[in-house]
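> build me a model:
(chains A and B, ligands or ions: 2)
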Amino acid sequence: MRIIDRYAYQNRISRLDPACKTGIAFGALLLCLLLNKPLVGLTTIAWMYFLAVFWARLNWRVFGKVLLAESAFLILASLGVFFSVSLKRDVGSLWDWRLASFWISVSRASLQQGMLLIARAAGAASAMNFLTLTTPLMDLLELSRRWRIPAILVDLTAIIYRFVFVLLDRFNIMFMAQDSRLGYTASYARTMNSAGLLGSRLFINAFQHSRRLQLALESRGYEGGDFRALPSTYQPCRYQAWIGVAVFASLFAVWGVT
Amino acid sequence: MIPVFEFKDVCFQYPGHDEFALQGFNVKLPQGEKIAVVGRNGSGKSTFFLHCNGLYRPNSGGVFFKGESLAYDRKALRQLRQQVGLAFQNPDDQIFSANVFQDISFGPLNLDLDEDEVRHRVQSAAEACGITHLLQRPTHALSGGEKARVALAGVLAMEPEVLIADEPMTSLDPWARLSIFEIFERFHEQGKTIVMATHSLSVVRYWSSYVIVLQAGRVTFSGTPKELLNNPRVLEETGLSKIWWKVDPAFPENGAADF
Ligand SMILES: Nc1ncnc2c1ncn2[C@@H]1O[C@H](COP(=O)(O)OP(=O)(O)OP(=O)(O)O)[C@@H](O)[C@H]1O
Ligand SMILES: [Mg+2]
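Ligands and ions are numbered 1, 2, ... in the order given. Below is the predicted model of the structure:
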């Protein structure tokens, strides 16, 4: 999470208006789901990879790794679509294997369906990866504020986002402090004991922290209600919009041609 | 002159705890001074400061701001907090936003200022604290000292008349300390009051114009640093004489320092 976050604000287009990146990513996602040809998904992946590497100047390995990890899940999840199991041998199948009294087979239709599923899902995932790796979460939240998502949801997400990191920091520090006093190397029992202590400390810590935060907010004039925030200043979208047009047009073209 | 703050016989217990964090607490903070608050860990410095902002309410006794008893209704508190800025001991307690710019702008926005004014204040507070290059960073990607400066900028952006800082120097490098001292100096030149909790006796001796010594929830001394140095009884009682003599060889053993 920390790594994704770091890329999100250190890439070349992180200061670009989030509306434009979101538009491209969600547009591509939608087309991936609507246009039912495997090549559409593959084209989306290619586009997103290209944009991430050449436009946002992300490291090509990072984008690849994230996508690869997701694809592994995807393939596992879609095994059920490829293979069908039955008692009788299906004559129309491309391949089949005998397993005890069952026949496991792959038919042409299921192969196509599986390919389509994987391509679509991977395409959609790559569009979302592009968005999360190039856009800081706070920008996405600001966009949702602009789009009139209820303020309470936005504020809550923002606070949670901030305190996930605070908690993570505390966890790391406490863990290291315990570790440096051999809390995790002495024995199994000591390890369990240390982990328990860490958990309860963390809980108390979070509780006290929330109380002090409440005081700090009040001291800066907060009187309940929504948090006020100024709109950030972004680089506006200009030629960037054409990137979106190019992506969508090529997806339609691929769909029409094949 | 009317003191900015006056505490009369204030007692305070943390809910559910038997010991008093403040007990028979009497003090006057003079206007326009550089006030150092010293005392051991747990002597009540932070608790005292939280009272100055109306965040805690005494169990008994009274807190007076510019001669008037603190009221704890919404409007009065709002006015108080506009005039009295409090920088917390731990910046992580204070920084609530993941975005530095947003966090600094939080206070000014609560003052109902218009957008241009808020942006202007954020910018100048960030400049004063030397963090303009951090404005677009997420707050969780800052070092401890950088967080401390962001937290201070968040308070300065409200342009208070009294600045209360709870050990602002603790996590800062010497360069950053120097720049904080410069910020404080500019703040003080405008005739405003600074209150700072500190564990550094050289800050007490060379920076402050007024010192308050706390011990176990009471004020055992308040006055100028010179008076403190010339008061062997207090120095002895608080154990400051030994410490001072050890850490600061320039300090004469008999306590009669000439400034
Ligand atoms: N949240 C709390 N709940 C209960 N007791 C508390 C709480 N915070 C502080 N205390 C107690 O109140 C007393 C004063 O604490 P305070 O935090 O004001 O000390 P301090 O002078 O700021 O210390 P330090 O130099 O360590 O910051 C201490 O005895 C402490 O144990
Ligand atoms: Mg304290």
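> what's near enough to touch residue A:23?
By CB atoms under 8 Å, 6 or more residues apart in numbering or on different chains, the contact list for residue A:23 reads A:241, A:244. (Glycine included, C-beta is placed from N, CA and C.)
> pLDDT score for it?
Looking at residue A:23, its pLDDT is 91.
> secondary structure element holding it?
Residue A:23 belongs to helix A:18-34 when assigned by DSSP states H and E.
> and that helix, how far from the chain's centre?
Its chain's average C-alpha position is 14 Å from that of helix A:18-34, according to CA atoms, centre = their mean, to the nearest Å.
> quick check: buried residues in that helix?
A:18-25, A:27-29, A:31-32 (16 or more other CB atoms under 10 Å in any protein chain shown).
> tell me which helix or strand the residue in chain A that ligand 2 sits nearest to sits in.
Proximity to ligand 2, evaluated over chain A using CB to the ion, is greatest for residue A:212 at 11.2 Å. Element membership of residue A:212, judged by DSSP H and E, is helix A:188-219.
> the next helix or strand after that helix vs helix A:18-34, what angle?
Downstream of helix A:188-219, the next assigned helix or strand under DSSP H and E is helix A:240-257. Here helix A:240-257 runs at an angle of 10 degrees relative to helix A:18-34 (axes from the mean of the first three to the mean of the last three CA atoms, to 10 degrees).
> in helix A:240-257, what's buried?
A:240, A:243, A:244, A:247, A:248, A:250, A:251, A:254, A:255.
> could you give the mean pLDDT of that helix?
87.
> which strands and helices sit next to that helix?
If you count contacts as 3 or more CB pairs under 8 Å, 6 or more residues apart in numbering or on different chains; DSSP states H and E, helix A:240-257 packs onto helix A:18-34, helix A:38-50.
> any stretches of the stretch 101-250 of chain B with poor pLDDT?
Within the stretch 101-250 of chain B, the set of residues satisfying pLDDT under 70 comprises B:244-250.
> residue A:108 - nearest residue in space that isn't next to it in sequence?
Spatial nearest neighbour of residue A:108, excluding adjacent residues (CB to CB, 6 or more residues apart in numbering or on different chains): residue A:94 at 5.8 Å.
> before we move on, what about residue B:97?
Excluding the flanking residues, the one nearest residue B:97 by CB to CB, 6+ apart is residue B:103, at 4.0 Å.
> and the angle from the helix or strand the one you found falls within to helix A:188-219?
Following DSSP H and E, the helix or strand that holds residue B:103 is helix B:100-110. Relative orientation of helix B:100-110 versus helix A:188-219 (the same axes, to 10 degrees): 40 degrees.
> packing partners of helix B:100-110?
The helices and strands touching helix B:100-110, judged by 3+ CB pairs under 8 Å, 6+ apart, are helix B:115-128, helix B:144-156.
> deepest in the core, which of those is it.
helix B:144-156 (a mean of 24; mean count of other CB atoms under 10 Å in any protein chain shown).
> can you list the weak-confidence ranges in the stretch 151-258 of chain A?
Regions of the stretch 151-258 of chain A meeting the criterion pLDDT under 70 are absent.
> and ligand 1, which of the buried residues of helix A:18-34 contact it?
With CB under 6 Å from any ligand atom as the criterion, no member of these is in contact with ligand 1.
> got TSV for those residues, with distance to residue A:135 too?
Shown next, in TSV, are the buried residues of helix A:18-34 (distance: CB to CB, whole Å):
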residue	distance to residue A:135
A:18	5
A:19	10
A:20	10
A:21	5
A:22	7
A:23	11
A:24	11
A:25	8
A:27	15
A:28	14
A:29	14
A:31	20
A:32	19
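> and the residues you listed, which is closest to residue B:59?
residue A:18 (49.7 Å; CB to CB).
> dump the residue contacts of the closest one.
Residue A:18 sits next to A:135, A:139, A:140, A:142, A:143, A:234 when contact means CB under 8 Å, 6+ apart.
> could you list which of the residues you listed belong to strands?
Among those, DSSP state E puts none in strands.
> spatially nearest residue to residue B:183, not counting backbone neighbours?
Closest to residue B:183 by CB to CB, 6+ apart is residue B:128, at 5.1 Å.
> cool, and residue B:88?
Here the residue nearest residue B:88, using CB to CB, 6+ apart, is residue B:94, at 4.4 Å.
> quick one: contacts for the spatially closest residue to the residue of chain A closest to ligand 2 that is not a sequence neighbour?
Spatial nearest neighbour of residue A:212, excluding adjacent residues (CB to CB, 6+ apart): residue B:93 at 4.2 Å. Taking CB under 8 Å, 6+ apart as the criterion, residue B:93 is in contact with A:209, A:212, A:213, A:215, A:216.
> buried ones among those residues?
Buried residues within these, counting neighbours by 16+ other CB under 10 Å: A:209, A:212, A:213, A:215, A:216.
> out of the helices and strands packed on helix A:240-257, which gets nearest to residue B:134?
Here helix A:18-34 is closest among the helices and strands packed on helix A:240-257 (CB to CB), at 20.5 Å.
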